[in-house]
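Q: have a look at this prediction, sequence included:
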Amino acid sequence: MCGLAGVILGKKRRRVEEREHLAWLFTRLLVLSESRGPHATGVAWLNRDGEHRLFKRPVSAGQFVTDKAFHEVLAGIDNRTTVLLGHTRWRTRGDERVNRNNHPIRAGDVIGTHNGTIYNADYLFRRFKLRRFAEVDSELLFRLAARAARSGRMDVEWFKERLRRCRGQMTAVLASRLDPETILVLKGNKPLRLRTHRKHRAVLYASDPAFLDAVLADERGWRELSVPAMSMIVFRHAVLTEFSRESLEFIVQEKRGKAP
């Protein structure tokens, strides 16, 4: 298992204090997520103009957030930022000391995080003739997303059709530098909970609701955003509340072996 944590940001002119507060909430979520993945930690943000920053290391989240570079990354968030992605990795396939195996993963113009395992990733890399940069199966999802967005705007239907061929477990958050105002949340058969705040125009998410409860215990205005399993949520930065929900289909397989 791995831990996903992050903030999806709607369009708003936020004061520095508000941006710093959201970054602080995110940092606390990331540290709590260490229990879901102690082997590596990473963060990335993406701006409306496609500018991005990515930082990851093969260390626990508790150690990661003490790194000066982590705070420099968070300091780069401004009113153009559309999403802040965080990931704590539980190593399965791919040595965490090889940093390209850690998340967030950049595949072409797509940056994303994934919790789960795609058991037929090797076959699908060959089937779709996809470039491969890392050893991890997660890269497949982001290579497919990069194909879906290569003409600019994300082709959600094309992406969904290719995801149907995947076999295993899948929950992910991703966006493309070519379409940075569209953020996709894939909630499959791995956990993910979301909270939304109308005034902040933001969505905070984590793999474990207990982490959100702990971080938001003294906060006001955060409400549960109910997302059923096997859903793809398409958020638009311009109007965050007007998201759409699509069905998410793939071959569900909880353990290695033959699919049911």
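A: Done, it's in.
Q: ranges for the helices of the chain?
A: For the chain, the helices defined by DSSP state H occupy 16-32, 61-64, 68-75, 121-127, 139-148, 156-163, 209-215.
Q: now, of those, which is deepest in the fold?
A: helix 139-148 (a mean of 25; mean count of other C-beta atoms under 10 Å). Where C-beta positions appear, they are placed from N, C-alpha and C, glycine not excepted.
Q: got the CA positions of that one in PDB?
A: Provided in PDB are the C-alpha atoms of helix 139-148 (Å, rounded to 0.1, in the frame of the first residue of the first chain):
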ATOM      1  CA  GLU A 139       4.200   4.500 -14.800                       C
ATOM      2  CA  LEU A 140       1.800   2.800 -17.200                       C
ATOM      3  CA  LEU A 141      -1.200   4.900 -16.000                       C
ATOM      4  CA  PHE A 142       0.700   8.200 -16.600                       C
ATOM      5  CA  ARG A 143       2.000   7.100 -20.000                       C
ATOM      6  CA  LEU A 144      -1.500   6.300 -21.100                       C
ATOM      7  CA  ALA A 145      -2.700   9.700 -19.700                       C
ATOM      8  CA  ALA A 146       0.100  11.400 -21.600                       C
ATOM      9  CA  ARG A 147      -1.100   9.800 -24.800                       C
ATOM     10  CA  ALA A 148      -4.600  11.000 -24.000                       C
END
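Q: same list (the helices of the chain) but as CSV, adding distance to residue 248 and mean pLDDT.
A: Output for the helices of the chain, formatted as CSV (distance: least, C-beta to C-beta, whole Å; pLDDT from 0 to 100):
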stretch, distance to residue 248, mean pLDDT
helix 16-32, 23, 98
helix 61-64, 27, 98
helix 68-75, 30, 97
helix 121-127, 16, 97
helix 139-148, 12, 97
helix 156-163, 7, 96
helix 209-215, 20, 98
